[in-house]
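**Q** only geometry, no sequence info:
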């Protein structure tokens, strides 16, 4: 592809997809067909057009959803509309795995081959699809299938996601028309989406290439084996309350926490969150109250709130269950967080592989706007706050908060060096508070119960309830809620452990393995740390003795090699060297593998000490724990 503006023109369909997002071009400088006399006198665009660069990713989605791939003509037209150099836009488009820059069929079947699915038979599924449809990437009957990283459907592994580009019908209408001036869209460039279907568990006889033939997905409560239990806090509405009904949410106590926030004021909200001891649930465990206080204290403005819903860690699906089963809770929590940090605009960055969560959240945001729960005057309190959904496009690194900021702004999703920290210069260079879904939803019980009552749940240093994503070789996989301090054994007893357990992976691909004789580890941040492992985002992947551990380790290495953004040498080179070494020792043990294990330690140490972000710093963790704790290559 030529990286300058060329002579390629967009098709009518591509132009329509972009114009539906950006509106019709106002001049020939933006891509209008007819040049007027005014266009000859001055050039339009400039700073005003460049300030719309954050619409680049939604624009790429719009074309990809409509056509199935992004042509040179479509990319050039989008670049003219946004005044973005084609070379830069090409670098952004090729950064994400969900976009195609070469012609491909409109229907794509993505089959997960990551850790949980590998433990539940994804290899057999891929073998069957190869016999039936040909090799991955080979077009057949207007469709193509390919292997995929984790799809976030681990409780129903093995999983597959079917996407068919080109659906253009309008979204369902609201029950009532929104007030004048209120948008009927929950995000930018999200509607109309491509047609999608989920197959989970995916079997050779159930997978189809026609979305309309797919069986309906089970309700969100199916992913929460504890659904309906009275003692739940975060999951108490999942599978019980209709997630599409704002009235049902409010009847069950919804928006009581927001009303209390308005009653006590933003400073007291931050104090409540601080006194409750809430820390981030994405893995870093940074105190949420401190982050909010630091953001609110910044004199520069405007302030922004970002919800990180790009949970791409293999084995993680708790945020998906919350968004599908209790979307209004997240919207209420984001509104409270925005109020506390002085933000009037929130961005919800949602991973691109979550079509049902997208539909639920867009509907919920529309309803909240219509009822005055979002917009210029939330609950009549004189506070303005609104939420935009931005879809990711298949990049694990965008779960890192600064990479996520770059993605929203229309750049490659590469992490930034710190300092400055996001609370000082985050999204668009302004003070930003970024939290993941589970962290934000915890704010509701803090305000409803009070900080003291919330802090009494769990332990002194790890307070409140915690969600755990249990998958792999267990009888009842799903999201479980337990107070901090419960042991790993307590959790596995709920899920039904296998008789011959080989190992448990805590924290996902960036986590560490523990042995079957270590199940009494307390599930707290400090408890897992003292045991030489990590709690991470709450992944608990159980493997029995039928799973080939070397193959799992190799898949972890492949994952990090693929997902490294390539920005820094330790990670870009180290992840490749790690995979190469694991390939060499896959069929060797003992002394024959010793030299490569020594090399792995050296490479792992270099990645941990010198990588810019957490991806490279943790890429060696699981392999190291398998070698040291499980004797994987002895």
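**A** Great, that's in hand. Quantities reported herein were computed from a predicted structural model and do not represent experimental measurements. Residues are numbered from 1 along each chain as shown.
**Q** Which residue ranges of the stretch 451-600 of the chain form strands?
**A** 465-472, 478-483, 501-506, 512-514, 539-544 (DSSP state E, counting those that start in this stretch).
**Q** Going along the chain, name the strands of the stretch 151-300 of the chain.
**A** Shown for the stretch 151-300 of the chain, the strands assigned by DSSP E, counting those that start in this stretch span residues 160-164, 195-199.
**Q** Now do the last one against strand 160-164, angle only.
**A** Yep, that's strand 195-199 we're talking about. 160 degrees (axes from the mean of the first three to the mean of the last three Cα atoms, to 10 degrees).
**Q** Please state the offset of strand 195-199 from the chain centre?
**A** How far strand 195-199 lies from its chain's middle: 18 Å, per Cα atoms, centre = their mean, to the nearest Å.
**Q** elements contacting that strand?
**A** Under the contact definition 3 or more Cβ pairs under 8 Å, 6 or more residues apart in numbering; DSSP states H and E, strand 195-199 sits against strand 160-164, helix 355-370. All C-beta spots, glycine's among them, are computed from the backbone N, C-alpha and C.
**Q** Identify the residues contacting the residue nearest the centre of the chain.
**A** Nearest residue to the geometric centre of the chain (Cα atoms, centre = their mean): residue 310, 1.4 Å. By Cβ atoms under 8 Å, 6 or more residues apart in numbering, the contact set of residue 310 is 349, 350, 351, 392, 398, 399, 404.
**Q** To which secondary structure element type does the first one belong?
**A** Right, residue 349. strand (DSSP: H, G, I helix; E, B strand; the rest coil).
**Q** Now do the buried residues in the strand or helix carrying residue 18.
**A** Residue 18 is part of helix 12-22, with elements assigned from DSSP states H and E. Using 16 or more other Cβ atoms under 10 Å as the burial criterion, the residues of helix 12-22 that qualify are 14, 15, 17, 18, 19, 21, 22.
**Q** for stretch 285-292, same thing?
**A** In stretch 285-292, counting by 16+ other Cβ under 10 Å, buried: 285, 288, 289, 291, 292.
**Q** closest to residue 410 among those?
**A** Distances from residue 410 to the buried residues of stretch 285-292, taken as Cβ to Cβ, are shortest for residue 291 (25.1 Å).
**Q** And the pLDDT at the closest one?
**A** We note a pLDDT of 97 for residue 291 in this prediction.
**Q** Hmm, residue 431 and it touching each other?
**A** No: in this structure, residue 291 is not within contact of residue 431 by Cβ atoms under 8 Å, at 10.6 Å.
**Q** Can you tell me which of the buried residues of stretch 285-292 lies closest to residue 539?
**A** residue 285 (14.7 Å).
**Q** before we move on, back to that, what would the contacts of residue 310 look like in JSON lines with distance to residue 200 and pLDDT?
**A** Output for the contacts of residue 310, formatted as JSON lines (distance: Cβ to Cβ, whole Å; pLDDT from 0 to 100):
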{"residue": "349", "distance to residue 200": "23", "pLDDT": "98"}
{"residue": "350", "distance to residue 200": "19", "pLDDT": "97"}
{"residue": "351", "distance to residue 200": "16", "pLDDT": "95"}
{"residue": "392", "distance to residue 200": "20", "pLDDT": "96"}
{"residue": "398", "distance to residue 200": "23", "pLDDT": "95"}
{"residue": "399", "distance to residue 200": "22", "pLDDT": "93"}
{"residue": "404", "distance to residue 200": "26", "pLDDT": "97"}
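**Q** Those into JSON lines, with extra columns for neighbour count?
**A** Formatted as JSON lines, the contacts of residue 310 follow (neighbours: other Cβ atoms under 10 Å):
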{"residue": "349", "neighbour count": "24"}
{"residue": "350", "neighbour count": "27"}
{"residue": "351", "neighbour count": "26"}
{"residue": "392", "neighbour count": "25"}
{"residue": "398", "neighbour count": "30"}
{"residue": "399", "neighbour count": "26"}
{"residue": "404", "neighbour count": "29"}
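**Q** hmm, who's touching the lengthiest helix in the chain?
**A** When the chain is parsed with DSSP state H, its longest helix is helix 591-610. Contacting residues not belonging to helix 591-610 are listed as 568-571, 574-575, 577-578, 581-582, 584-585, 616-620, 623-624, 627, 633 [Cβ under 8 Å, 6+ apart].
**Q** Kindly recompute the last result at 10 Å.
**A** For helix 591-610, the surrounding residues in contact (Cβ atoms under 10 Å, 6 or more residues apart in numbering) are 557, 560, 564, 568-578, 580-588, 615-621, 623-624, 627-628, 632-634.
**Q** May I see the PyMOL selection of the buried members of those?
**A** In PyMOL, this line selects whichever of the contacts of helix 591-610 come out buried by 16+ other Cβ under 10 Å:
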select buried, resi 557+560+564+568+570+571+572+573+574+575+577+578+581+582+585+615+616+617+618+619+620+621+623+624+627+632+633
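**Q** Show me the common contact partners of residue 291 and residue 431, please.
**A** Residues touching both residue 291 and residue 431 (Cβ under 10 Å, 6+ apart) are 341, 421, 422, 423.
**Q** Serialize these to TSV and add fields for neighbour count.
**A** TSV is the format used below for these (neighbours: other Cβ under 10 Å):
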residue	neighbour count
341	26
421	16
422	24
423	21
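**Q** ok, those vs residue 55, which is closest?
**A** residue 422 (21.7 Å).
**Q** Leaving out chain neighbours, which residue sits closest to the closest one?
**A** Nearest non-adjacent residue to residue 422, counting by Cβ to Cβ, 6 or more residues apart in numbering: residue 432, 4.7 Å away.
**Q** ok, now residue 402?
**A** Using Cβ to Cβ, 6+ apart, the closest residue to residue 402 is residue 416 (3.9 Å).
**Q** On the three-state scheme, the one you found is what?
**A** Classified using three-state DSSP, residue 416 is coil.
**Q** That one reaches residue 401, doesn't it?
**A** Yes: assessed by Cβ atoms under 10 Å, residue 416 is found in contact with residue 401 at 9.2 Å.
**Q** okay, the two: which has more neighbours?
**A** The residue with more neighbours, out of residue 416 and residue 401, is residue 401; 26 against 19, by other Cβ atoms under 10 Å.
**Q** got a list of what the closest residue to the more buried one other than its chain neighbours touches?
**A** Nearest non-adjacent residue to residue 401, counting by Cβ to Cβ, 6+ apart: residue 434, 4.4 Å away. Residue 434 is in contact with 280, 282, 291, 295, 304-308, 347, 349, 400-402, 404-405, 422-423, 426-427, counting by Cβ under 10 Å, 6+ apart.
**Q** Next, residue 434: secondary structure please.
**A** Going by three-state DSSP: residue 434 is strand.
**Q** And the pLDDT at it?
**A** So residue 434 comes in at 97 (pLDDT).
**Q** so residue 74 sits in a strand?
**A** No: counting by three-state DSSP, residue 74 is not found in a strand; it is helix.
**Q** Tell me if I'm right that it and residue 66 touch.
**A** Yes: contact criterion Cβ under 10 Å: residue 74 and residue 66 qualify, at 9.2 Å.
**Q** where do the contact lists of the two overlap?
**A** Contact criterion Cβ under 10 Å, 6+ apart; residues shared by residue 74 and residue 66: 11, 13, 14, 17, 18.
**Q** rewinding a little: and the residue nearest to residue 401, how far is that from residue 362?
**A** 21 Å (Cβ to Cβ, to the nearest Å).
**Q** packing partners for the helix holding residue 18?
**A** helix 56-67, helix 72-82 (3 or more Cβ pairs under 10 Å, 6 or more residues apart in numbering; DSSP states H and E).
**Q** which of those is buried the deepest?
**A** helix 56-67 (a mean of 25; mean count of other Cβ atoms under 10 Å).
**Q** Now residue 398. Nearest residue, chain neighbours left out?
**A** residue 413 (4.2 Å).
**Q** Quick one: residues contacting that neighbour.
**A** Contact analysis of residue 413 by Cβ under 10 Å, 6+ apart lists 57, 92, 95-96, 310, 392-393, 395-400, 402-407, 565, 567.
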